[in-house]
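> Give me a model of this one.
(2 chains)
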Amino acid sequence: MRILVVEDDQATAAALTTLLRNCSYAVETTTDGESAADMVEAFDYDLLLLDVKLPKLDGITLCRQLRNQGYAMPILLLTGNDNSHEKAVGLDAGADDYVVKPFDLEELEARIRALLRRGQLHTTPILEWAGIELDPSSTQVNYGNQPLSLTPKEYALLELLMRNPRRVFSCGMLLEHLWIYQDMPGEEAVRTHIKGLRHKLRDATAPPDVIETVYGIGYRLKPLSELKTINAQALTLKNAQSPSQQNAGGAILENQAKTIATIWQRYQPRISNQVQVIEQASSALTANPGLIDPTLQQKAEQETHTLAGSLGMFGMQKGTELARNIEQILKMPRPLATEHIQELQQAVDHLRQTVDHSAHASLEQATASSATVPSLLVIDADQQWVLDLTAQATHWDWHLQAVADLEAAYRVLMQDPPQVILIDPDVGQNKNQTLAFVEQVNRQIPRIPVLFLGNPDSLHSRLEVVRLGGKVYLEKPIAPIQILHAVDEVLQQAQAMTAKVMIVDDDDQILQMLPPLLEPWGFKVNTLADPRLFWQTLVTIAPDLLILDVEMPYVSGMELCQVVRNDPYWHNLPILFLTAHTEAAIVNQIFVAGADDFVSKPVVGPELVVRLVNRLERMQLSQQLWKVDTLTKADKRQPAMFRLEQMIKQAQGLQQPLCIALVKISNLRQINYDHDLATGDAVLRHVGRQLCQGCGEEDVVTRWSGNEFLIGLYGVSQAEAEQHLQHLCEGYRHETPDQPVLIKIKMGVVQYPEAGATLSTLYKAVDQNAVTLTHLPRSEGESYVGLANDR
Amino acid sequence: MTTKRILVIDNEQYIQEVVQIALETIENWQVVTASSGAEGILKAEKEQPDVILLDVMMPDMDGATTFRKLQTNLCTQKIPVLLLTAKVQNVDHNRYKDLGVLATIPKPFDPLQLPTQIASVLGWQL
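As a prediction, the model looks like this:
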């Protein structure tokens, strides 16, 4: 990596040079803007460190000039002035980041690393997706060593998609990227080129649907995990008999089930309407058993028949039976007997419940199956070591897949992407091969963190790893348990990336553009066009980060920002502004209103993502410490009380059921006496995390006091809640006891508003209500949990 | 083995979609869909699929009529037809057999099993 330092103060320049050389960068220096411009023209630099105040040509002007000339390397500004105006001007001139003098060396290093990491994404020599290889330097495209002859537009289209493999492009966006303004054709031109490209790919036997139409939005590369090549592989795998290969097939079936669950969700309104027609017919017949409007009769019969034939397909056998039953009654001669009318009413009620309940359940299932059990891919040739790790992972209930070479790793990545990758740098034939692999993972699936696990090594290789986006470098020998702790840590951080982002902007284009930009990075994006609905949306969505437009009708972004900052619960929420303004006065106002950062319009994708990630990483730690109990991962009581009270209000307003449950480890004190405090902690950790994993996203799990967890379950009845929690607590007995610890659980559930109208009355009621679980194995209310080496 | 092409004729969008997802992603077959009997006949002529999955109960032209038309049409009479039906009485079953339907697949079907069911009726190897 080659860095140019432009700094007129010799002492600073010397310090920077020493520092950067120590980090193994190639460093050159110059003292004024004009010579810097000449050097950039003459040599390729990977990064520029630029002082703002320079003789002859100042840093800002130089920056702007370089960007105008099309130079894209990262530029880091050094400024002596900690005022937002200067920063704003610098960033606007095209700088990527700034550091204020006197700077902290560690921070400077980190920022340089971050910028280089980002640059890396754009300098990869050969792009690869599902076997298609594109070499930008020679504009050559190959599939399976077979060259594809593409027209220049088809090539440009493919390159754009492959450079942004997770992004969806609308026809308009493609037009803007691929044609110059003067001869921009209509959108049908894009479709024609896409069609041509797909044809050529198909002729070359590449997967024909590698370019996917995203209905209503545009085009993108189909995610590798969904591509059919995988299924072709799965087919061959099915015939072979090795167990790992069968697993791969299993993963596909699982994906399958998930996809079908999403179809169910999508058509849920349609199915609900079908049930509604049947309900109408049922009430018409109740009112007049002898006569019914023939159109309604016919329609109801048709819908019942369809439901009978389809609900089972979504796994609702009961729904199918009910619908068949209803169909029979509907076909009976009139007038209907009273008993048949009753039977009809009951069956219709049940059908409604089945359909509505499944909507909830399938949603939960879809989110739960992807989120509950952490999954880890280990790429390491050391068999014994992998066995040890696997044993420990099983104990933690983690899903671990181990492979011994990179080729196998590719397969797993495509079929069943894990949440974390752990890799030994020596697993490839040489280090470069491993690094190339990691680089590709980073490019294609940026949200999977990669941990390195190698022999004690030089700083240099550590740097190489960090530059490639590796998260952590662990040194062998290391105990499996320590690894899992490190992975756990990284997963927590990665969850910061699955943050919810709420965007308020009256500009429809922005609202349409940002979600496809951010979602591939794991953000969940909610948009709002009408700022008047701000507060209720904020409270319902409960975002982790807010993006506001400055100017909006009715209420300005700054006013919204102030409202948030004045609220006792929300005041900590990170807020980022989007603005076309860069005037110092406005920028100042934005910061005075309480903004954390701002991004100028037009929004540049990578810049926005980097800023969001930075902001979240910084906020997350303090937020987590404030909101979440680190041991159990349950919410702390104080902040959770607010959410519980919100829940009560919501349940009241929407007439939805709400249950408050209490789970208490009644012998925690005894455990601490009989064993030690660490065992007590391990039990708490186990119970707490199990509860958190087992409850949905909209439920609240809090560590209410030392040994108590209070849980708010929204939208379920008391019976359902009881059943669910009992099931969760039953989970403890599945542990294999290495060193058994007796856990006694007391549990109770009450329903709002029957048991009380406020949180405190509900708590009292549930506390009185709680009983020791009796269904557990062994003697009454006792459960064993294994706590092998977990201490 | 060449990729199989399947035509699904069903008026209900979500059933079409489940069938499509199941066949396309599990077995990599190509699926063409039609929402009515009339559309189904047109597509059968044009696409010449390896098999037609036909829903029995459809509002405009029901499955039996559609089937008869497919049988009398020179372009489509050779294409095997499987009926998707929520009626499971043996009477129906035999009636369809008499008509010349290859087999009936009872609804609701398990999407994950569907490709196997089709393949076994037609003697395709998976």
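> contacts and neighbour counts: CA atoms only from here.
Noted.
> For chain B, what is the nearest residue in the stretch 351-500 of chain A?
Closest approach between the stretch 351-500 of chain A and chain B, counting by Cα to the nearest Cα: A:Gln415, at 12.4 Å.
> Burial check on that residue, number of neighbours?
By other Cα atoms under 10 Å in any protein chain shown, the residues close to A:Gln415 number 24.
> what's A:Glu720 in contact with, if anything?
Neighbouring residues of A:Glu720 by Cα atoms under 8 Å, 6 or more residues apart in numbering or on different chains: there are none.
> Relative to A:Asn288, how far out is A:Val348?
For A:Val348, the distance to A:Asn288 equals 17 Å [Cα to Cα, to the nearest Å].
> Neighbour count: those two, which is higher?
Just comparing A:Val348 and A:Asn288: by other Cα under 10 Å the higher neighbour count belongs to A:Val348, 25 against 13.
> pretty sure the more buried one contacts A:Glu279?
Yes - using Cα atoms under 8 Å, A:Val348 makes contact with A:Glu279 at a distance of 6.4 Å.
> Pull the contacting residues for A:Thr434.
Here A:Thr434 is in contact with A:406, A:425-428 (Cα under 8 Å, 6+ apart).
> Now, the residues you listed that are in helices?
Mapping the contacts of A:Thr434 onto helices (DSSP state H) picks out A:Leu406.
> Quick check: closest non-adjacent residue to residue 109.
Because you didn't say which chain, this covers chain A. Nearest non-adjacent residue to A:Glu109, counting by Cα to Cα, 6 or more residues apart in numbering or on different chains: A:Leu20, 7.9 Å away.
> actually chain B
Once flanking residues are discounted, B:Phe109 sits nearest to A:Met313: 5.4 Å by Cα to Cα, 6+ apart.
> just the strands in chain B please.
Here chain B has its strands, by DSSP state E, at B:5-9, B:30-34, B:51-55, B:81-85, B:103-106.
> Correct me if wrong: the residue nearest to B:Phe109 contacts B:Pro111.
Yes - with contact defined as Cα under 8 Å, A:Met313 reaches B:Pro111; the gap is 6.2 Å.
> Count the neighbours of A:Ala15 for me.
When counting by other Cα under 10 Å, one arrives at 11 neighbours for A:Ala15.
> Tell me which residues touch it, please.
By Cα under 8 Å, 6+ apart, the contact list for A:Ala15 is empty.
> Quickly find the element holding it.
helix A:10-22 (DSSP states H and E).
> Pick out the residue nearest the middle of chain B.
B:Leu53 (0.5 Å; Cα atoms, centre = their mean).
> Isn't that one up against B:Gln16?
No - B:Leu53 lies out of contact with B:Gln16 (Cα under 8 Å); the separation is 10.0 Å.
> so what's the residue nearest to B:Phe109 up against?
Applying Cα under 8 Å, 6+ apart to A:Met313 gives the contacts B:107-111.
> What score does A:Pro606 have for pLDDT?
Note for A:Pro606: predicted pLDDT of 67.
> before we move on, what about the one 10 residues further on?
Residue-level confidence at A:Leu616 comes out at 70, pLDDT.
> what's the answer for A:Thr30, then?
Listed pLDDT for A:Thr30 reads 89.
> And for the one 4 residues further on?
A:Glu34 carries a pLDDT score of 88 in this model.
> Report the spatially nearest residue to it, omitting neighbours in sequence.
A:Leu57 (5.7 Å).
> my guess is the one you found meets A:Asp32, correct?
Yes - using Cα under 8 Å, A:Leu57 makes contact with A:Asp32 at a distance of 6.7 Å.
> Helix or strand: which one has A:Leu573?
Applying DSSP H and E, one finds A:Leu573 in no helix or strand.
> Next: A:Arg643.
Using DSSP H and E, A:Arg643 sits within helix A:637-654.
> For that helix, buried residues please.
A:637, A:640-641, A:643-644, A:647-648, A:650-651 (16 or more other Cα atoms under 10 Å in any protein chain shown).
> coming back round to it: now the helix holding A:Ala15: average pLDDT?
Helix A:10-22 comes out at a mean pLDDT of 83.
> same check, this time on stretch A:706-719
Average pLDDT, stretch A:706-719: 88.
> Show me which positions of it end up buried.
A:707-718.
> and that stretch, how far apart are its ends?
First-to-last residue span, stretch A:706-719, Cα to Cα: 27 Å.
> hang on, the earlier thing: which residues do B:Leu53 and B:Gln16 both contact?
B:8-9.
> Could you write out the alpha-carbon coordinates of stretch A:78-95 in PDB?
In PDB, the C-alpha atoms belonging to stretch A:78-95 read as follows (Å, rounded to 0.1, in the frame of the first residue of the first chain):
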ATOM      1  CA  LEU A  78      -5.700  16.600   8.500                       C
ATOM      2  CA  THR A  79      -7.200  19.700  10.000                       C
ATOM      3  CA  GLY A  80      -6.000  21.900  12.700                       C
ATOM      4  CA  ASN A  81      -9.400  23.200  13.300                       C
ATOM      5  CA  ASP A  82     -12.100  21.300  15.100                       C
ATOM      6  CA  ASN A  83     -15.000  23.100  13.600                       C
ATOM      7  CA  SER A  84     -17.800  21.400  11.700                       C
ATOM      8  CA  HIS A  85     -17.800  24.000   8.900                       C
ATOM      9  CA  GLU A  86     -14.300  23.100   7.800                       C
ATOM     10  CA  LYS A  87     -15.000  19.400   8.100                       C
ATOM     11  CA  ALA A  88     -18.200  19.900   6.100                       C
ATOM     12  CA  VAL A  89     -16.400  21.800   3.300                       C
ATOM     13  CA  GLY A  90     -13.600  19.200   3.200                       C
ATOM     14  CA  LEU A  91     -16.000  16.200   3.000                       C
ATOM     15  CA  ASP A  92     -17.900  18.000   0.400                       C
ATOM     16  CA  ALA A  93     -14.800  18.600  -1.600                       C
ATOM     17  CA  GLY A  94     -14.600  14.800  -1.900                       C
ATOM     18  CA  ALA A  95     -12.500  13.800   1.100                       C
END
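> got a list of what the residue nearest to the centre of chain B touches?
B:6-9, B:81-84.
> Among the residues you listed, which one lies nearest to chain A?
The shortest approach to chain A among the contacts of B:Leu53 belongs to B:Leu84, at 8.9 Å (Cα to the nearest Cα).
> Could you check how many residues crowd around the closest residue to chain B within chain A?
Residue nearest to chain B within chain A: A:Gly309 (4.4 Å; Cα to the nearest Cα). A count of nearby residues for A:Gly309, using other Cα under 10 Å, gives 25.
> Surely it touches B:Ala86?
Yes - checked against Cα under 8 Å, the pair A:Gly309 and B:Ala86 is within contact range at 4.9 Å.
> Can you name the element that comes right after the helix holding A:Arg643?
Following helix A:637-654 toward the C-terminus (DSSP H and E): strand A:658-665.
> All the strands of the stretch 251-400 of chain A, in order from the start?
With strands called from DSSP state E, counting those that start in this stretch, the stretch 251-400 of chain A shows them at A:375-379, A:399-403.
> Make TSV from the ones you listed and add mean pLDDT, mean neighbour count and distance to chain B to it.
Listed next are those as TSV, based on pLDDT from 0 to 100; neighbours: other Cα atoms under 10 Å in any protein chain shown; distance: least, Cα to the nearest Cα, whole Å:
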stretch	mean pLDDT	mean neighbour count	distance to chain B
strand A:375-379	87	22	23
strand A:399-403	83	19	23
